[in-house]
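**Q** Predicted model, plus sequence, below.
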Amino acid sequence: MGKPIAARTTIQPAAQHAMSASHKVKQVLRRGIVTGTIPGGTRLVQTSIASEMAVGARQVRDALRELAAEGFVKLDSHGGAVVHELGRGELQDIYEIRMMLEPVATARAATLATTEIMLQAAGLLAVMETETDAALWAERNSAFHDLIAEAGSSTRLVAMLRNLRELSALYVTHSIIAMPGRAKRANAEHAQILRAIIGRDPEAAAEAALRHLDGTLRALDIRPVDTRRPASAAALK
């Protein structure tokens, strides 16, 4: 019995290192895709990535598989990877799904958010109101929405919404650049969401979240097929 245990303890650090390297590659590539520094349609060459990041080919393959599962890249039958570029219809789908899920998450936050989370959200909003860099603003926008979702204490909902936001983050940045007044309006919409959460009003929070997403769709010049009102506060509790 002693030998198998010893064997497991010797390979465990190597396994942990492999996971760490794969995660690092994934994070670097995902950030590049989300911010637009790695544009849609870019072919990702595994050997080049492995060389540049000083990791093994297996770690790069693992990272690309995870990114493909999350919708950031497309893999071909030969193991090649290309950065996925959202079409108008797909972007519309993402926002329609967000408009169903995000009001629910925001309503939950109005019931469950701690004082600490509310203070963190208020701090982010204060920084966003003076931010002039569209990419940085978009990053803090994602952080704000992550906080609100996390306050609802649903790990599955947090993961789903984070993935949807990351897929559309580049378009949010573009909308801020194309419409300078959009950031100011979005800040005001965020403030409405936070006020409803602080006021422990789930229905008002859900309504505010829906209006905010609708405002972003208008900025992107996309209208959903069916914009539904969120469920009543009683149904969301």
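**A** Received it, and whenever you're ready, just let me know what you need. Numbering: from 1, shown residues only.
**Q** quick one: what helix or strand has Val82 in it?
**A** For Val82, the host element (DSSP states H and E) is strand 81-83.
**Q** Confirm that Ala191 sits in a strand.
**A** No: using DSSP: H, G, I helix; E, B strand; the rest coil, the assignment for Ala191 is helix, not a strand.
**Q** ok, back up a step: next, the buried residues of the next helix or strand after the strand holding Val82.
**A** Going down the chain from strand 81-83, the next helix or strand is helix 88-112, by DSSP H and E. Of the residues in helix 88-112, 91-92, 94-96, 98-99, 101-112 count as buried by neighbour count, 16 or more other Cβ atoms under 10 Å. All C-beta spots, glycine's among them, are computed from the backbone N, C-alpha and C.
**Q** tell me the pLDDT at Ser175?
**A** Note for Ser175: predicted pLDDT of 76.
**Q** Next, count neighbours for it.
**A** 22 (other Cβ atoms under 10 Å).
**Q** What ranges in this structure fall below the confidence cut-off?
**A** Where the chain drops to pLDDT under 70, the residues are 1-19, 222-237.
**Q** Walk me through the domains of it.
**A** 2-83, 88-236 (automatic domain parsing).
**Q** any idea which of the ones you listed is most buried?
**A** Greatest average neighbour count among the domains of the chain goes to domain 88-236 (a mean of 18), per mean count of other Cβ atoms under 10 Å.
**Q** Would you confirm that Gln46 contacts Val73?
**A** No: Gln46 sits out of contact with Val73 when judged by Cβ atoms under 8 Å, with a separation of 11.5 Å.
**Q** anything in contact with each of the two?
**A** Counting by Cβ atoms under 8 Å, 6 or more residues apart in numbering, the contacts common to Gln46 and Val73 are Leu64, Ala81.
**Q** hang on, the earlier thing: paired strands for the strand holding Val82, with orientation please.
**A** strand 43-44 (antiparallel), strand 73-75 (antiparallel) (DSSP bridges).
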